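**Q** Take a look and give me a structure for this.
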Amino acid sequence: MSDAPLPDNMEAAIRWLLGGVIVFAFGFESVVMLLEGKFVLSGLSFMAAVGITAVLVYWAYLPAIVLVGVGLLAVGSLPYIFVGLVRFFRQRRVEKQMLIIVGSALIAVALIAAIAGGALLYVANTTKPGSGTAQSDELNKVRQELQAERDSKAILDSQLATARRELQTAQRQLETRQITAPVLTVEPTGATLFTKKTIRQLRALYEGRTALQAEPFIADEKGKLIDVEGTIVTVYSGIAMLTSLENTGDHIECRFGTSWNAKLSTFRKGEIMKVRGTVAPHQNGAQIYLDNCEIRV
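**A** So this is what the prediction gives:
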């Protein structure tokens, strides 16, 4: 057997408290009257206790119960009202018995009107959207949903805060490693020997030969350093196109690292540029290609 649900609002708590006190009082009086031999009063008191208990249990159906009771009371009062009026019009006098009947009838009518009005007000209040027990249940449901959303948000906030802390820790560790990491000095592995040929002589190796035929003649010069001077034809990012001062028909393509772009941007077309570079491994005879170039003063 499961426990009975407790009242979830002040109205229900007050209703059950007052109803319980009244039921206890009628039950107690029923037992006392039974011991004193007042069986009728004892039975009426017991029936009143049972009736009030039923009202408390079936509180949700109280409007219907009240309306039915009022209707029965009204129907039962009609004969007394009718008899009293008939006697009054026939005898033209008011007897004590008639006063009792009329007074009782008026009291009954007043009670009926009061009970009916109260029942109608109760029905009107309980039939409003979201009122009474339905309102309480819906409000509790909304509160539970809001609490669930708050709990979910708190969990997400906690997870997000943990992720932020982990990210910050990883960033600090990375910065520490970058600061404390040993600096590796890489020795240049480029060419250290200078070619003994000039740009004109290198270009002459391709004259009257195909690129394939000239390959054996220029192979020994690839990878060697060479100093050149030429007139600037144009400058790109990391590239300077020169015309050799030795022979204007010989063109040179000097390839720089991107760190030289700032310096290259200061040169204009037609100016003289002095360059030291390495004879590139790929040549086609149309011009001489130099890699790893540096601007000489």
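**Q** where does the chain dip in pLDDT?
**A** 1-8, 62-135, 178-191 (pLDDT under 70).
**Q** rerun at 50
**A** Applying pLDDT under 50 to the chain flags the ranges 1, 129-131, 183-189, 191.
**Q** Domain map for it?
**A** Domain ranges of the chain: 10-134, 199-295, per automatic domain parsing.
**Q** In terms of secondary structure, what does the helix or strand where residue 51 lies contact?
**A** Residue 51 belongs to helix 39-57 when assigned by DSSP states H and E. When contacts are defined as 3 or more CB pairs under 8 Å, 6 or more residues apart in numbering; DSSP states H and E, helix 39-57 packs onto helix 10-35. The C-beta positions use only the backbone N, C-alpha and C, and glycine is treated the same way.
**Q** Could you check how far residue 278 is from residue 200?
**A** 18 Å (CB to CB, to the nearest Å).
**Q** Which one of those two is surrounded by more residues?
**A** residue 278 (19 against 13; other CB atoms under 10 Å).
**Q** helix, strand or coil for that one?
**A** In three-state terms, and counting by DSSP: H, G, I helix; E, B strand; the rest coil, residue 278 is strand.
**Q** picking that back up, buried residues in the helix holding residue 51?
**A** 42, 45, 46, 48, 49, 52, 53, 55, 56 (16 or more other CB atoms under 10 Å).
**Q** give me every residue that touches the residue lying closest to the second one once chain neighbours are set aside.
**A** Once flanking residues are discounted, residue 45 sits nearest to residue 30: 3.9 Å by CB to CB, 6 or more residues apart in numbering. By CB atoms under 8 Å, 6 or more residues apart in numbering, the contact list for residue 30 reads 42, 43, 45, 46, 49.
**Q** Which residue, neighbours along the chain excluded, lies closest to the last one?
**A** Meaning residue 49. Nearest non-adjacent residue to residue 49, counting by CB to CB, 6+ apart: residue 26, 3.8 Å away.
**Q** In this structure that neighbour contacts residue 42, no?
**A** No - look at residue 26 against residue 42 with CB atoms under 8 Å: they stay out of range, at 10.3 Å.
**Q** what's the spacing between residue 31 and residue 49?
**A** 10 Å.
**Q** meant to ask about residue 245, not that
**A** 127 Å.
**Q** With residue 29 instead?
**A** Taken as CB to CB, the span from residue 29 to residue 49 is 9 Å.
**Q** With residue 257 instead?
**A** In terms of CB to CB, residue 257 sits 104 Å off from residue 49.
**Q** Residue 147 now?
**A** Taking CB to CB as the measure, residue 147 falls 41 Å from residue 49.
**Q** One more: residue 177?
**A** 84 Å.
**Q** Same question for residue 219.
**A** 122 Å.
**Q** Please apply the same query to residue 253.
**A** Distance from residue 253 to residue 49, by CB to CB: 114 Å.
**Q** Quick one: residues in contact with the longest strand anywhere in the chain.
**A** Across the chain, the longest stretch assigned as strand under DSSP state E is strand 225-236. Residues outside strand 225-236 that contact it (CB under 8 Å, 6+ apart) are 191-195, 197-199, 240-245, 248, 251-252, 254, 264-265, 267-279, 290, 296.
**Q** Let's see which of these end up in helices.
**A** 199, 264 (DSSP state H).
**Q** and the contacts of strand 225-236, which are buried?
**A** If we count by 16+ other CB under 10 Å, the contacts of strand 225-236 have these buried: 191, 195, 197-199, 240-244, 251-252, 254, 264, 273, 275-279, 290.
**Q** returning to what we had before: what about the residue nearest to residue 49, distance to residue 56?
**A** Distance from residue 26 to residue 56, by CB to CB: 12 Å.
**Q** residue contacts, residue 256?
**A** Per CB under 8 Å, 6+ apart, neighbours of residue 256: 238, 239, 240, 264, 293, 294, 295.
**Q** Just the buried ones from those, in ChimeraX syntax?
**A** Typed into ChimeraX, the line below selects the buried ones among these, using 16+ other CB under 10 Å:
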select :240,264,293,295
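**Q** From residue 27, how far off is residue 15?
**A** Residue 15 is 18 Å from residue 27, by CB to CB.
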